[in-house]
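> how would this look folded up:
(chains A and B)
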There are 2 protein chains.
Amino acid sequence: MSKTSQQIAEICGVSRGTVDRALNNRPGINPETKERILKVAEQLGYRPHFLAQSLVKGSTKSIGAVLFDINNRIFPQLVNAIETRASELGYFLYLTLTNKDPEKERECLQHLVDRRVDGILLLSVNKGDDFERFVSKLGVPVITFGNLVSDEIPYIWVDDRKAIRDAVKRLAALGYEEIIYVSPPMALSGRTNLYAVEQRHAGFRQAIAEAGGALSADLILHKGYLEEIEGLLRKGSKRKVILCTSDKYALKVLLHLKKKGIRVPQDVGLMGFDNIDTLEYITPSLSTIAYSADEVGTKAVDLLVDRIAGRNVPLRTMVPHEIIEGEST
Amino acid sequence: MSKTSQQIAEICGVSRGTVDRALNNRPGINPETKERILKVAEQLGYRPHFLAQSLVKGSTKSIGAVLFDINNRIFPQLVNAIETRASELGYFLYLTLTNKDPEKERECLQHLVDRRVDGILLLSVNKGDDFERFVSKLGVPVITFGNLVSDEIPYIWVDDRKAIRDAVKRLAALGYEEIIYVSPPMALSGRTNLYAVEQRHAGFRQAIAEAGGALSADLILHKGYLEEIEGLLRKGSKRKVILCTSDKYALKVLLHLKKKGIRVPQDVGLMGFDNIDTLEYITPSLSTIAYSADEVGTKAVDLLVDRIAGRNVPLRTMVPHEIIEGEST
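Modelled structure (predicted):
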């Protein structure tokens, strides 16, 4: 008990135990007395020493989220879902951003643990044995999403591989003969975590192999892809479609094609991935692979809170996806 | 010194003072020795007890940001700028969201203080004397942006009032005779902080008064505004333009007009506010009031770090704005 809480007890004419019950939200106290104590406490500018308390109690009812950045619209959508669900369950959310810097990510994780969060949601740029050990030594439950870190750490996301396969099948059914696949570069795949990107790429290669020669494929996996797409569109007479691994890329491609007077879908088809809310404003409407960011965010928090409570959770949770056919294919 | 750090000293064959220097990043230690100590420490899963340390040291090199949400694209843009600058200056950023709930906002502020952030950036939904006292009692420097809380608390933003006046003047110069002004509702203005919204509205009324009858104005300040706009467009023969207090609104209006076959700018002009990055993808390109979210975010962090260091900062900092003329006017 601090000096201040003794002061509160004296002002309110109650015992220090009663003040303690009011300040710590414990039962066994008359509601009116509690209200009076809290009012006096507030007037005195008193706050129980939260950090010192949390060191003893071991729970802070707070969780951390570690994300790349919030540039791609899908991230704010996820964060809003995470924040909403955490709040519903009485947890306070700290959001930290890594800018895809592996060292920064370790710092973010350590910062959150140092501040005694009860658990962490992680979209990781790190991978490998060393990082797995780092995560397992953090001492708090971790739920990963987007990029898998380890088969031992629960993971929630969409089935990227199957989603791309489904998209390719649909594009073939629509009569497209050549697919220009636009994906982030994978040059760093040995060093940073590109799990989702790699899964999508694997799904694409598998779908092309399954098509058995009916489809031809071009891969664009580097900078300068806008100019390269233009070059590919001038070659051959096959019906072409551009499949992008994110709507963000697809919108950049659409903008470039418009500027060059190349019509979508008349001259080339276009499909994205994510179904970000920005698409609402885009003409022609973009075909895309949709999944619910709300569902990913909400379920991720549920999994984490289950783990915090010591309950077992599935190591893999996949949310469903569907192909949205817009005007662009 | 904990038991673990003694263990590290023994393993590395150095003094406990040397271990202490390595773990606390203090000078006076051979770099190779330091590296060896840090490696051993990591293998032992050792971390100096950060919270206990911060209680003693009084600085955590972390700052908090309190925002509404990250739905409107301008917010992620601001957050990225804040995060980037904080990181450059060696500060760790915690982002918390209030969903415009006044109680939640107080909780967020208190949570951040309880976790010993060195300072806070605040986009407030609260206002009034009681809240000013609450903020001043937090015991850490606070920089506000977007909504002003008090003349005593530093504030950074764009000059909303002048920005709208400039926009109205430009629209008049373009030959528009009637302005349909689309703004968030102000019904809650007595209870929640709508400073920016009110400043823009005041600027609008002032500009209309200054035009002295050359312009007529309609105000749309409630739900169902899309239908109301349609009604207004059918009335009279004046050249009309819709001026929205955010691009987010303007894009919703644009979408609605497209669906109804009303052409922009042939049938009606349209202007937004914010110059969000989504505009890049919009056709026709949207006229808007632009300011640099990067500049707001960066300068807000600089102001906060100055305050943390005990330096005086200006109570008002205004970043410049400019009118961007797109195809929509």
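
> how about the helices in the stretch 151-300 of chain A?
For the stretch 151-300 of chain A, the helices defined by DSSP state H, counting those that start in this stretch cover A:160-173, A:195-211, A:225-234, A:247-259, A:293-308.

> those: lowest mean pLDDT?
With a mean of 90, helix A:225-234 has the lowest mean pLDDT of these.

> compute the number of surrounding residues for the nearest residue in space to residue A:216 that is not next to it in sequence.
Excluding the flanking residues, the one nearest residue A:216 by C-beta to C-beta, 6 or more residues apart in numbering or on different chains is residue A:178, at 4.8 Å. In short, each C-beta sits where N, CA and C put it, glycine included. Taking other C-beta atoms under 10 Å in any protein chain shown as the criterion, the count of residues near residue A:178 is 20.

> lowest average confidence, helix or strand, in chain A?
Lowest mean confidence among the helices and strands of chain A (mean pLDDT, DSSP states H and E): helix A:50-57, at a mean of 49.

> ok, then the element right after that helix?
strand A:62-67 (DSSP states H and E).

> and that next one, what does it pack onto?
Here strand A:62-67 touches helix A:74-88, strand A:92-97, helix A:102-114, strand A:119-122, helix A:293-308, going by 3 or more C-beta pairs under 8 Å, 6 or more residues apart in numbering or on different chains; DSSP states H and E.

> go again using 10 Å as the cut-off
Where contact means 3 or more C-beta pairs under 10 Å, 6 or more residues apart in numbering or on different chains; DSSP states H and E, strand A:62-67 is packed against helix A:74-88, strand A:92-97, helix A:102-114, strand A:119-122, strand A:142-145, helix A:293-308, strand B:92-97.

> nearest to residue B:146, out of these?
Nearest of the helices and strands packed on strand A:62-67 to residue B:146, taken as C-beta to C-beta: strand B:92-97 at 13.9 Å.

> any part of the closest one near chain A?
Yes - counting by C-beta under 10 Å from any C-beta of the partner chain, chain A is contacted by strand B:92-97 at B:92, B:93, B:94, B:95, B:96, B:97.

> one step back: can you lay out the helices and strands packed on strand A:62-67 as TSV showing distance to residue B:219 and mean neighbour count?
Output for these, formatted as TSV (distance: least, C-beta to C-beta, whole Å; neighbours: other C-beta atoms under 10 Å in any protein chain shown):
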stretch	distance to residue B:219	mean neighbour count
helix A:74-88	30	21
strand A:92-97	36	24
helix A:102-114	45	19
strand A:119-122	43	25
strand A:142-145	44	24
helix A:293-308	34	21
strand B:92-97	30	24
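
> can you pull the poorly scored residue ranges out of chain A?
Residues of chain A that meet the criterion pLDDT under 70 lie in A:1-3, A:24-27, A:42, A:45-58, A:189.

> recalculate using a threshold of 80.
Applying pLDDT under 80 to chain A flags the ranges A:1-7, A:20-21, A:23-28, A:31, A:38-39, A:41-59, A:185-191, A:221-223.

> domain map for it?
Annotated domains of chain A cover A:3-48, A:60-157+A:294-319, A:160-290 [automatic domain parsing].

> start to end distance for the second one?
It stands for domain A:60-157+A:294-319. Using C-alpha to C-alpha, to the nearest Å, one end of domain A:60-157+A:294-319 lies 29 Å from the other.

> ok now it, how far from the chain's centre?
8 Å (C-alpha atoms, centre = their mean, to the nearest Å).

> show me the one of the domains of chain A that comes nearest residue B:276.
domain A:160-290 (9.9 Å).

> what about that closest one, start to end distance?
End-to-end distance for domain A:160-290, by C-alpha to C-alpha: 11 Å.

> would you mind giving the helices and strands packed on strand A:62-67 as CSV with distance to residue A:29 added?
Shown next, in CSV, are the helices and strands packed on strand A:62-67 (distance: least, C-beta to C-beta, whole Å):
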stretch, distance to residue A:29
helix A:74-88, 26
strand A:92-97, 24
helix A:102-114, 33
strand A:119-122, 30
strand A:142-145, 37
helix A:293-308, 28
strand B:92-97, 30
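
> ok, which of the ones you listed comes nearest residue B:283?
helix A:74-88 (22.7 Å).

> what angle sits between that closest one and helix B:102-114?
90 degrees (axes from the mean of the first three to the mean of the last three C-alpha atoms, to 10 degrees).

> quick one: is helix A:74-88 near chain B?
Yes - counting by C-beta under 10 Å from any C-beta, chain B has neighbours in helix A:74-88: A:75, A:76, A:77, A:79, A:80, A:82, A:83, A:84, A:86, A:87.

> list the contacts for the fifth one?
The one in question is residue A:80. Shown in contact with residue A:80 (C-beta atoms under 10 Å, 6 or more residues apart in numbering or on different chains): A:293, A:294, A:297, B:69, B:70, B:71, B:97, B:99.

> which of these sit farthest apart?
A:293 and B:99 (16.7 Å).

> in a markdown table: the domains of chain A, plus distance to residue B:61.
Below are the domains of chain A laid out as a markdown table (distance: least, C-beta to C-beta, whole Å):
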| stretch | distance to residue B:61 |
| --- | --- |
| domain A:3-48 | 22 |
| domain A:60-157+A:294-319 | 9 |
| domain A:160-290 | 26 |
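
> so which of the ones you listed gets nearest residue B:236?
Among these, the nearest to residue B:236 by C-beta to C-beta is domain A:160-290 (28.8 Å).

> list the residues that contact residue A:89.
A:61, A:63, A:301, A:302, A:304, A:305, A:308.

> which one among the residues you listed gets closest to chain B?
Closest to chain B out of the contacts of residue A:89 is residue A:61 (9.4 Å), distances taken as C-beta to the nearest C-beta.

> and for the closest one, the neighbour number?
When neighbours are defined as other C-beta under 10 Å, residue A:61 has 15 of them.

> and the residue of the stretch 51-200 of chain A nearest chain B?
Scanning the stretch 51-200 of chain A for the residue nearest chain B gives residue A:114, at 3.5 Å (criterion: C-beta to the nearest C-beta).

> wait, doesn't that residue sit right on residue B:60?
Yes - Residue A:114 is in contact with residue B:60 according to C-beta atoms under 10 Å; the separation is 8.7 Å.

> on that earlier part again, let me have the contacts of residue A:89 in a markdown table, adding distance to residue B:168 as columns.
Compiled in a markdown table, the contacts of residue A:89 are given as follows (distance: C-beta to C-beta, whole Å):
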| residue | distance to residue B:168 |
| --- | --- |
| A:61 | 48 |
| A:63 | 46 |
| A:301 | 45 |
| A:302 | 49 |
| A:304 | 49 |
| A:305 | 50 |
| A:308 | 53 |
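
> great, nothing more from me.
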